[in-house]
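1. Sequence below, structure please.
(2 chains)
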There are 2 protein chains.
Amino acid sequence: MKMLINVPETVVADALRGIAAAHPELTVDVENRVVVRRDAPVTDKVGLISGGGSGHEPLHAGFVGPGMLDAACPGEVFTSPVPDQMARAAAAVDAGKGVLFIVKNYTGDVMNFDMAMELAEDEGVQVAKVLVNDDVAVTDSLYTAGRRGTGATLFVEKLAGAAAQEGAPLERVEAVARQVNEASRSFGVALSACSTPAKGSPTFDLPAGELELGIGIHGEPGRERRAMMTSREIADFAVDAVLEDLKPTMPVLLLVNGMGATPLLELYGFNAEVHRVLAERKVPVARSLVGNYVTSLDMAGCSVTLCQADEELLRLWDAPVGTPALRWGM
Amino acid sequence: MKMLINVPETVVADALRGIAAAHPELTVDVENRVVVRRDAPVTDKVGLISGGGSGHEPLHAGFVGPGMLDAACPGEVFTSPVPDQMARAAAAVDAGKGVLFIVKNYTGDVMNFDMAMELAEDEGVQVAKVLVNDDVAVTDSLYTAGRRGTGATLFVEKLAGAAAQEGAPLERVEAVARQVNEASRSFGVALSACSTPAKGSPTFDLPAGELELGIGIHGEPGRERRAMMTSREIADFAVDAVLEDLKPTMPVLLLVNGMGATPLLELYGFNAEVHRVLAERKVPVARSLVGNYVTSLDMAGCSVTLCQADEELLRLWDAPVGTPALRWGM
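-> Model (predicted):
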């Protein structure tokens, strides 16, 4: 597998140098792997920190900025960041109002964010933590006890980020994050495997003519493999898998997410089918986002995330945000 | 090649339905294939219209909105739109101040935009036209007499769009577009071929272990094939190819563009190398944009576009823009 890289060992550091060059509004500590809002700590604001293995860009560094994250901690590709990264981030963004850790539910991430929590608390920083575990495909996956955290991470970071930006106290920001996670469900589909720089070849075998339903964002196995399906059939399957679990009683935020290598032309066509199924199931879509946001390197495929949103969550969604990957109102 | 589609025949229409569902701020005429700002025609504003074959998303429909295009006309995949589309778009966006056609230099596009110009003028619309031909890789390519139009299209649409948004007259908007094209150069590299829905398999053969230097955005042949190079080597080659032709005497706008399937992690690493070369060549970078903007379906690879920008162009770059794919200040 050909890659646009120097050597596998420097992929994350190289990307961080590139982020620094493109985004002067961020402070990038390449050596310690922490990306922070340049104006942090922001007075009278709870600090939001997330992180995880690299390879899911723009998640998380692309979501650092006013109205969303204060800091992101990228690990090696598909590998948890180390506790010291999150402790450094906490020290950098805490304005005395505490920080919230947003953690995708993978065993390594959970363990390392927990250790970082202790380190930060030892330094006098008040820390709360919210787990994201929205993926309905399977429980107890390759790197996870319980459900995996995937697309809902974007909703949690945006909506809790908006609450924090408004000056809400830590308990309130944490409560919003928890509400958003509980109101969100995702389901992903792979048309091809992804290749990590270290391995240099696909991380699993997906035969020509087959797709994997319920794929994880590191290529973890899903529910089943089937002969290739149409966009219409995939939308039916993915949306129904989500709705079987979520049963929304109010309008939803919809994320139609690309895994990385699926052309936007196809992703928009898939979005049309997702809207069709949701209309058939009588689920009103309040807001719709289409693009590559929570990716899996060069995997072809897509995921659907729904978040049922009351008026307050809709208001937080519409609030201004200014990050490399998500921006409106500023 | 597996694709997230229903059938090849409906790919463009399906995508347009998906764009309509995701972006209520746009009016999408699926049957006639015209995407228009919902508030068009905008009083006292020149209308900007572009278009071209589909498969390069978000170009052009993703650039429709305040501060950029008023309308986009998508053709079939890698196929020029027909004159009637641009004539309809002209009628929809003309506020009596005239319209500007922004045309990438491909034989079919040039011919069909010229015919549309006649149709629109017959209806009493004043039309000006600017060709984009920024690709330094080759002259007289597979679908082109002269140089191909690629990444600079984004700069032309953004900067002329900002001038139009401010209320500039048609001659001024046209002059800005012409200046931007003349000040811009691009060079692209393919690590893999792309597959069109109609063909269902790669449109050309690129052996494992080789890359193509100077690729076109439809997979047209470039300058040469070589054994796979590092990100550093590719940046040296691409930037030098551009600088050999451009010789900038002022700071540049930089677009580091992904061809579609290259992970953002890799693209940011490449951006670091591009900034390094430009620093070595003593070319200051005034603004930097990294992402998948002018794509070639599922091709892996990248392109570099430079536009030398005086104070006025920088001011127009920083002006607010509100489109699906490019948004700031609104």
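
2. How about the residues of the stretch 1-150 of chain A by chain B?
-> Residues of the stretch 1-150 of chain A lying near chain B by CB under 8 Å from any CB of the partner chain: A:2-7, A:10-12, A:14-22, A:54-55, A:57-58, A:62, A:77. (Each C-beta comes from the backbone N, C-alpha and C, glycine too.)

3. List buried residues within these.
-> A:2-6, A:10-12, A:14-22, A:54-55, A:57-58, A:62, A:77 (16 or more other CB atoms under 10 Å in any protein chain shown).

4. Where strands are concerned, which of those count?
-> Under the assignment DSSP state E, those contribute A:54, A:77 to strands.

5. Name the residues of the stretch 151-300 of chain A found near chain B, please.
-> Residues of the stretch 151-300 of chain A lying close to chain B by CB under 8 Å from any CB are A:191-192, A:208-209, A:211, A:228, A:230-232, A:234, A:256, A:260-273, A:275, A:285, A:288-290, A:292, A:295, A:297-298, A:300.

6. how about A:Ala164, what does it touch?
-> Taking CB atoms under 8 Å, 6 or more residues apart in numbering or on different chains, we find A:Ala164 in contact with A:45-48, A:70, A:100, A:173.

7. Which parts of the stretch 151-300 of chain A are strands?
-> A:184-190, A:210-213, A:224-227, A:252-258, A:285-291 (DSSP state E, counting those that start in this stretch).

8. Does A:His218 touch A:Thr295 like I think?
-> No: using CB atoms under 8 Å, A:His218 is not in contact with A:Thr295; the gap is 11.1 Å.

9. Mind listing the shared neighbours of these two?
-> Shared contacts of A:His218 and A:Thr295, counting by CB under 8 Å, 6+ apart, come down to A:Gly55.

10. Got the domain ranges for chain A?
-> Using automatic domain parsing, the domain ranges for chain A come out as A:8-133+A:145-183, A:184-317.

11. possible to save those as JSON lines with mean pLDDT?
-> Conversion of the domains of chain A to JSON lines gives the following (pLDDT from 0 to 100):
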{"stretch": "domain A:8-133+A:145-183", "mean pLDDT": "98"}
{"stretch": "domain A:184-317", "mean pLDDT": "97"}
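
12. TSV please, covering those domains and showing distance to B:Leu142.
-> Shown next, in TSV, are these (distance: least, CB to CB, whole Å):
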stretch	distance to B:Leu142
domain A:8-133+A:145-183	32
domain A:184-317	20
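
13. quick one on the thing from earlier: I'd like the strands of the stretch 151-300 of chain A laid out as CSV, including distance to B:Met115 and mean neighbour count.
-> Putting these into CSV (distance: least, CB to CB, whole Å; neighbours: other CB atoms under 10 Å in any protein chain shown) gives the following:
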stretch, distance to B:Met115, mean neighbour count
strand A:184-190, 42, 30
strand A:210-213, 42, 21
strand A:224-227, 45, 12
strand A:252-258, 36, 25
strand A:285-291, 33, 20
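
14. and whichever residue of the stretch 51-200 of chain A sits closest to chain B, how far is that from B:Asp39?
-> Nearest to chain B in the stretch 51-200 of chain A, going by CB to the nearest CB, is A:Glu57, at a distance of 3.8 Å. Per CB to CB, to the nearest Å, A:Glu57 is found 34 Å from B:Asp39.

15. pLDDT score for A:Met1?
-> A:Met1 is assigned 87 on the pLDDT scale.

16. picking up where we left off before, correct me if wrong: the residue of the stretch 51-200 of chain A closest to chain B contacts A:Thr295.
-> Yes: here A:Glu57 reaches A:Thr295: they are 6.2 Å apart, a contact under CB under 8 Å.

17. what's the angle from the helix or strand that contains A:Trp317 to strand A:252-258?
-> Element membership for A:Trp317 (DSSP states H and E) is helix A:311-318. In terms of direction (axes from the mean of the first three to the mean of the last three CA atoms, to 10 degrees), helix A:311-318 departs from strand A:252-258 by 40 degrees.

18. next SSE after helix A:311-318?
-> As assigned by DSSP H and E, the chain's next helix or strand after helix A:311-318 is strand A:321-322.

19. Can you name every helix or strand that that following strand contacts?
-> Of the remaining helices and strands, those touching strand A:321-322 by 3 or more CB pairs under 8 Å, 6 or more residues apart in numbering or on different chains; DSSP states H and E are helix A:152-165.

20. Any buried residues in the helix it packs on, and which?
-> Neighbour count says helix A:152-165 has A:152-165 buried, by 16+ other CB under 10 Å.

21. Bridging across strands, which residues link to A:Val285?
-> Assessed by DSSP bridges, A:Val285 has beta-bridge partners A:Val252.

22. so it makes contact with A:Pro248?
-> No: applying CB under 8 Å as the test, A:Val285 and A:Pro248 come out as separate, 10.3 Å apart.

23. Tell me the pLDDT of A:Thr144.
-> A:Thr144 is assigned a predicted lDDT (pLDDT) of 88.

24. hang on, isn't it packed against A:Gly108?
-> No: using CB under 8 Å, A:Thr144 is not in contact with A:Gly108; the gap is 9.7 Å.

25. So which of the two has more stuff around it?
-> A:Thr144 (23 against 17; other CB atoms under 10 Å in any protein chain shown).
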